[in-house]
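Participant: Sequence first, then the predicted structure:
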Amino acid sequence: MKSANWRLLLLLLFFTSSTSSAWFGTKHKSSGASSSSSGRFRSDEASSSSSFSPPFLLNRFRSGSAVVFPVHGNVYPVGFYNVTLNIGQPPRPYFLDIDTGSDLTWLQCDAPCSRCSQTPHPLYRPSNDLVPCRHALCASLHHNDNYDCEVPHQCDYEVEYADHYSSLGVLLHDVYTLNFTNGVQLKVRMALGCGYDQIFPDPSHHPLDGMLGLGRGKTSLTSQLNSQGLVRNVVGHCLSAQGGGYIFFGEVYDSSRLTWAPMSSRDYKHYSAAGAAELLFGGKRTGVGNLHAIFDTGSSYTYFNSNAYQLLISLLRKESGGKPLKEAHGDQTLPLCWHGKRPFKSIYEVRKYFKPITLSFNSNGRSKAQFEIPPEGYLIISNMGNVCLGILNGSEVGMGDLNLIGDISMLNKVMVFDNDKQLIGWTSADCDRVPKSRDVSF
């Protein structure tokens, strides 16, 4: 089954250079970059004027500054969360899908565009500030130093997706207009991708202009803001179960209130915990351990490996026995759904029939960092009024033993990815309240 909310990720391997990334709703795909000639690329001379952050401002920004963006969307039925960024000169708004599982921020662009879908805003008109082929940012997209440079003055890339999506583009610099939490607005020149040739099965209208890469690589906005001394290398998000929420760059949290787990140093592309986790169900040990997990907003749903998934299904079916829930085989929203005597309107009507799931991470060999997923963090109510399991079998879609924590299981939590300290933190929060300054306590 394939839908805008299933977002299948194929061919993603743990500890490889592949990056999971999102593209317009059908979002679980592997991606990579390869150089290819693009002599047909045309830039917009008029948008090439420079407007940089004044050097004297950088010192005051090195600690304590942050940028916060409101988020729109939901897990179901929309299937993604997006933010609005103002890019270019003059600045124009673009809706970008947020993805902590990939690095590159890119827009469908008029260079001219060979195969672009309809977008909510006019196609991006690129600047002429091209990133050279041998630039460090270009190398980071290609994952090695042995890529070809057919056009030395520009960085060509091709992002390929296992769901038959692909985007061919050129890396360039342009101006992002950013409002910092200290009240200062800056025009910051950073890299983005101009995607001028897309291939995707569904040519219909999409409600997004492109993708916002929030990963660990050099091309991510987090890394670029940090390299200019504007924020610490920290990114985070708070996704509301009611829809919406916010993302942030820099520090907008009280670290003492968060649970922390070390970030993996082996998987340098994804936000994955260093230690293996044990699966608990209803607070009790299940015997399933050695679970390696990635936290990824590029996925609507959560994926467990086959062993953990099959055990979870068994436990859920055992728990639902004798309760007013019957499997709804006719509901194809997700692989496993249940119906009641009448259609459900809210998760909170059925959460009493389900138990929390917990991933217990071994942190520093001493204490356990508990990532609890309550019933509302792994269930949805379908359009048919049934309750469906938002945890899927990753082994069936080529993920092997990888476990991926998607949007659904991070709802109503502040998630913090501190690349400076190599830590992943979380705590329960009211994600409907967008912080106005770094003094917010969660």
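Facilitator: Structure's in. What do you need?
Participant: Now do the domain split for this structure, please.
Facilitator: The record's domain split for the chain, according to automatic domain parsing, is 19-250, 255-428.
Participant: which one of those domains lies closest to residue 436?
Facilitator: Evaluated over those, closeness to residue 436 peaks at domain 19-250, with 6.7 Å, by CB to CB. From N, CA and C alone the C-beta is placed, and that goes for glycine too.
Participant: what kind of secondary structure is residue 312 in?
Facilitator: Per DSSP: H, G, I helix; E, B strand; the rest coil, the local secondary structure of residue 312 is helix.
Participant: Give me the distance between it and residue 347.
Facilitator: Distance of residue 312 to residue 347, given as CB to CB, to the nearest Å: 17 Å.
Participant: Quick one: residues contacting residue 216.
Facilitator: When the contact criterion is CB atoms under 8 Å, 6 or more residues apart in numbering, the partners of residue 216 are 103, 223, 268, 269, 270, 271, 417, 419.
Participant: Over to residue 76?
Facilitator: Here residue 76 is in contact with 5, 300, 333, 380, 381, 382, 390 (CB under 8 Å, 6+ apart).
Participant: mind putting those residues in CSV, neighbour count, distance to residue 112 and pLDDT included?
Facilitator: Converted to CSV, those look like this (neighbours: other CB atoms under 10 Å; distance: CB to CB, whole Å; pLDDT from 0 to 100):
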residue, neighbour count, distance to residue 112, pLDDT
5, 23, 32, 35
300, 29, 32, 92
333, 21, 39, 97
380, 23, 40, 98
381, 21, 44, 98
382, 20, 41, 98
390, 24, 40, 98
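Participant: Select from these every entry located in strands.
Facilitator: Counted as lying in strands by DSSP state E, out of the contacts of residue 76, are 380, 381.
Participant: Among the contacts of residue 76, which one lies nearest to residue 324?
Facilitator: Relative to residue 324, the closest of the contacts of residue 76 is residue 381; by CB to CB it sits at 15.4 Å.
Participant: thinking that closest one is in contact with residue 347, fair?
Facilitator: Yes: counting by CB atoms under 8 Å, residue 381 touches residue 347, with 6.0 Å between them.
Participant: Common neighbours of those two, please.
Facilitator: Contact criterion CB under 8 Å, 6+ apart; residues shared by residue 381 and residue 347: residue 387.
Participant: now stretch 232-250: mean pLDDT?
Facilitator: Average pLDDT, stretch 232-250: 96.
Participant: Can you give me the end-to-end span of it?
Facilitator: Stretch 232-250 has an end-to-end distance of 5 Å (CA to CA, to the nearest Å).
Participant: Can you mark which positions in that stretch are buried?
Facilitator: The neighbour-count check on stretch 232-250 (16 or more other CB atoms under 10 Å) flags 232-241, 243-250 as buried.
Participant: just the helices in the stretch 251-400 of the chain please.
Facilitator: Remark: helices assigned in the stretch 251-400 of the chain by DSSP state H, counting those that start in this stretch are 306-320.
Participant: Revised request: answer the last question for the stretch 1-150 of the chain.
Facilitator: 55-61, 136-142.
Participant: Which one of the ones you listed has the poorest average confidence?
Facilitator: Among the helices of the stretch 1-150 of the chain, helix 55-61 has the lowest mean pLDDT, at a mean of 46.
Participant: Grab the most central residue of this protein for me.
Facilitator: Nearest residue to the geometric centre of the chain (CA atoms, centre = their mean): residue 99, 2.2 Å.
Participant: Wait, that one touches residue 295, no?
Facilitator: No: shown here, residue 99 and residue 295 do not form a contact pair, counting by CB under 8 Å, at 11.5 Å.
Participant: Next, the distance between the ends of stretch 263-270.
Facilitator: End-to-end distance for stretch 263-270: 9 Å, by CA to CA.
Participant: chain center to it: distance?
Facilitator: 15 Å (CA atoms, centre = their mean, to the nearest Å).
Participant: before we move on, what about stretch 331-350?
Facilitator: Chain-centre distance of stretch 331-350: 27 Å, with CA atoms, centre = their mean.
Participant: Same check on stretch 298-315?
Facilitator: Mean-position distance between stretch 298-315 and its chain equals 19 Å (CA atoms, centre = their mean).
Participant: Would you mark the buried spots in it?
Facilitator: Across stretch 298-315, burial judged by 16+ other CB under 10 Å covers 298-305, 308-309, 311-313, 315.
Participant: what's the model's confidence in stretch 398-414, averaged?
Facilitator: Throughout stretch 398-414, pLDDT has a mean value of 94.
Participant: Tell me the buried residues in it?
Facilitator: Neighbour-count burial for stretch 398-414 [16+ other CB under 10 Å]: 398-399, 401-414.
Participant: Quick one: end-to-end distance for it.
Facilitator: 29 Å.
Participant: try stretch 287-301
Facilitator: 23 Å.
Participant: now stretch 414-427
Facilitator: One end of stretch 414-427 to the other measures 5 Å (CA to CA).
Participant: next one: it to chain centre, how far?
Facilitator: The chain centroid and the centroid of stretch 414-427 are separated by 14 Å under CA atoms, centre = their mean.
Participant: what do you get for stretch 145-165?
Facilitator: 22 Å.
Participant: I'd like the C-alpha coordinates of that stretch written as CSV, please.
Facilitator: Taking Å, rounded to 0.1, in the frame of the first residue of the first chain, the C-alpha atoms of stretch 145-165 are listed here in CSV:
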residue,chain,number,x,y,z
ASP,A,145,36.2,13.4,-2.7
ASN,A,146,36.2,11.4,-5.9
TYR,A,147,33.2,12.8,-7.6
ASP,A,148,33.4,14.2,-11.1
CYS,A,149,33.4,18.0,-11.9
GLU,A,150,32.2,18.3,-15.4
VAL,A,151,31.3,22.0,-14.8
PRO,A,152,34.0,23.3,-12.4
HIS,A,153,32.3,26.6,-11.5
GLN,A,154,29.1,24.9,-10.3
CYS,A,155,28.0,22.1,-8.0
ASP,A,156,25.7,19.7,-9.7
TYR,A,157,23.8,17.1,-7.7
GLU,A,158,21.2,14.5,-8.2
VAL,A,159,19.1,13.3,-5.2
GLU,A,160,17.5,10.0,-5.9
TYR,A,161,14.6,8.4,-4.0
ALA,A,162,13.6,4.8,-3.8
ASP,A,163,10.0,5.6,-4.4
HIS,A,164,10.9,6.6,-8.0
TYR,A,165,11.3,10.3,-7.1
